[in-house]
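*Asks:* Pasted the sequence and its predicted model underneath.
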Amino acid sequence: AQEKLQSWLQVRGVAYNAEKSNPNLAWDSNSRLGPYLAWGHLSLRQVRQAVAAKREELSRLHNERSRRQWEASLDEIASRLGLRVAFCQGVLDAPDMLSRPRHSGFEDVRLRKLEGEPGKHMTAWLQGRTGYPMVDACMRCFQKSGWLNMRMRAMVLSFAAYDLFLDWRAFAEPLAKLMLDYEPGIHYYQLQSGSGTDGIEYRMYNPSKQLWDHDPDGSFVRRYVPELAACPFE
């Protein structure tokens, strides 16, 4: 855990803010501390103190470009650590959100039963066999590694909630089982916000746009969906 933290603070983290949305580049530049925080190998205080020490170190860095990159990455991870606390506290304050929409008006918007087509759709999604290359690559990455970067997690959740119109309660547990860094506070907040049942915002991601934006050469898709390796990218 300490090696992972120090490698991020010394080398990997410099491009975190710029690369966090790209599923290939984020593999290295993201902190990858989630499992260690979730399982108690690192405390939030330890990480925050290490980030603060890195900020102090930047005052002695003469490379202006590198300093700006590090500052952006440290600002971003500090923000994410703060959200982690807020989400976990939110679940403690309102435990009903693990089983009911935060906004009661969305209680029966989606069907929770998985008989017939909905069940087939969820199975295809979990297995990475929807026919949408970026969605399938991301879900297979989850299956093989237990990890996926933040934006791609939001995209596959959006696909399940809006394209397949599945109730988040139906896929909350099977999706959690794919995560090495499962943390209930974060997971259920993301499920609700990603499904629009918090009544605050509607975050819909276009899988094709995410492919063009974050896997422009198709390398991520070809790695996890090898049956498409010979297909022309266009």
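*Replies:* Perfect, thanks for sending it.
*Asks:* can you give me the mean pLDDT across whatever helix or strand Lys209 lives in?
*Replies:* If you go by DSSP states H and E, Lys209 is part of helix 207-214. Helix 207-214 shows a mean pLDDT of 96.
*Asks:* Please name every helix or strand in contact with it.
*Replies:* Applying 3 or more CB pairs under 8 Å, 6 or more residues apart in numbering; DSSP states H and E, one finds that helix 207-214 contacts helix 133-145, helix 150-158. From N, CA and C alone the C-beta is placed, and that goes for glycine too.
*Asks:* Give the buried residues for it.
*Replies:* The neighbour-count check on helix 207-214 (16 or more other CB atoms under 10 Å) flags 207, 210-211, 214 as buried.
*Asks:* Also stretch 145-159?
*Replies:* 147-149, 151-159.
*Asks:* Can you give me the end-to-end span of that stretch?
*Replies:* Using CA to CA, to the nearest Å, the end-to-end distance of stretch 145-159 comes to 20 Å.
*Asks:* Please apply the same query to stretch 9-17.
*Replies:* From start residue to end residue, stretch 9-17 stretches across 13 Å - CA to CA.
*Asks:* same deal with stretch 205-219?
*Replies:* End-to-end for stretch 205-219, by CA to CA: 20 Å.
*Asks:* does the nearest residue to Tyr16 once chain neighbours are set aside count as helix, strand or coil?
*Replies:* Spatial nearest neighbour of Tyr16, chain neighbours left out: Ser73 (4.0 Å); criterion: CB to CB, 6 or more residues apart in numbering. Three-state call for Ser73 (DSSP: H, G, I helix; E, B strand; the rest coil): helix.
*Asks:* just use 162 as the starting number from now, easier for me
*Replies:* Done: numbering now begins at 162, and the last item shifts to Ser234.
*Asks:* Can you report how many residues neighbour Ser234?
*Replies:* 25 (other CB atoms under 10 Å).
*Asks:* From Arg241, how far out is it?
*Replies:* Ser234 is 11 Å from Arg241, where distance means CB to CB, to the nearest Å.
*Asks:* List the buried residues of stretch 327-334.
*Replies:* Neighbour-count burial for stretch 327-334 flags 327-333 (criterion: 16+ other CB under 10 Å).
*Asks:* Could you list the low-confidence segments of this protein?
*Replies:* Flagging of the chain using pLDDT under 70 yields the residue ranges 394-395.
*Asks:* before we move on, back to that, make a markdown table out of the helices and strands packed on helix 368-375 and add distance to Lys165.
*Replies:* Below are the helices and strands packed on helix 368-375 laid out as a markdown table (distance: least, CB to CB, whole Å):
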| stretch | distance to Lys165 |
| --- | --- |
| helix 294-306 | 15 |
| helix 311-319 | 17 |
